[in-house]
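K.L.:
got a predicted model here, sequence first, then my questions.
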Amino acid sequence: MNNINGLFGDLTKVANARNGRLSSWDHSGKNQDYWEVPAGKTTCLGEIEGPGCITHMWMTSSCRRVVAPSIMDPQQMAQAAPVMGIGPALGVVWDDYDPFYYRKVLISITWDDQDSPSVLAPLGDFFCIGNSYPGNFSSLPFNVSLKPEEAGRFGAPCSV
């Protein structure tokens with residue numbers, strides 16, 4: 001039998017470990033699986049006690065800014081679909097994306113109750129969205145995916 005080395009060397013070995021998952025899933029049974037994070041506020045994406053290894057992070061992100069009155073009341077967003085999930089009536093677009101969103105939002109990761117974060121970086125820089133300009137790509141540690149109609153737009157919504 002061949003000795004397997006490299007990236008997949010431990011793939012067939014049984015480990016004495018357990019796995020877990022953190023998710024933002026909508027506990028109400030609706031499809032409101034998103035968090036709104038107001039400017040100047042923070043949201044904890046996950047908190048894990050004990051030793052562990054993060055093997056996967058996945059999220060979609062966008063930052064809408066209203067440029068005219070919207071067809072939806074922002075106060076009712078918890079009970080309604082996000083505006084970007086509805087096709088604009090008659091081609092009228094009431095909002096736009098913040099082109100600098102990926103540079104303004106910070107991701108902070110702290111290990112073992114440290115006083116300062118081990119990771120503190122703009123969201124876009126951390127997930128390879130340089131200059132807030134997402135493009136489709138896939139590599140070993142990262143991938144970015146966006147809809148074809150969003151390509152070529154600074155601050156366009158994408159999945160990382």
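P.N.:
Structure's in. What do you need?

K.L.:
contacts, neighbours, all on C-alpha from now
P.N.:
Fine.

K.L.:
wait, isn't Asn136 in contact with Phe142?
P.N.:
No. With contacts counted by CA atoms under 8 Å, Asn136 stays clear of Phe142, the gap being 10.7 Å.

K.L.:
what touches both of these two?
P.N.:
Common neighbours of Asn136 and Phe142, using CA atoms under 8 Å, 6 or more residues apart in numbering, do not exist here.

K.L.:
list the contacts for the residue nearest the centre of the chain?
P.N.:
Computing the C-alpha centroid of the chain and ranking residues by CA atoms, centre = their mean puts Met59 first, at 3.0 Å. For Met59, the contact set (CA under 8 Å, 6+ apart) comprises 159-160.

K.L.:
roughly how far apart are it and Asn31?
P.N.:
Separation of Met59 from Asn31 (CA to CA, to the nearest Å) stands at 15 Å.

K.L.:
looking at this, Asn131 is in a strand?
P.N.:
No. Judged by DSSP: H, G, I helix; E, B strand; the rest coil, Asn131 forms no part of a strand; its state is helix.

K.L.:
quick one: pLDDT of it?
P.N.:
On the pLDDT scale, Asn131 is placed at 89.

K.L.:
burial count for it?
P.N.:
Residues within reach of Asn131, counting by other CA atoms under 10 Å, total 15.

K.L.:
touching, it and Arg103? I think so.
P.N.:
Yes. Taking contacts as CA under 8 Å, Asn131 lies within contact range of Arg103: 7.2 Å.

K.L.:
now do the shared contacts for those two.
P.N.:
Counting by CA under 8 Å, 6+ apart, the residues touching both Asn131 and Arg103 are 124-125.

K.L.:
so what's Arg18 scoring on pLDDT?
P.N.:
Arg18 is given a pLDDT of 80.

K.L.:
what residues does it make contact with?
P.N.:
With CA under 8 Å, 6+ apart, Arg18 has no contacts at all.

K.L.:
distance check, it against Gly6.
P.N.:
23 Å.
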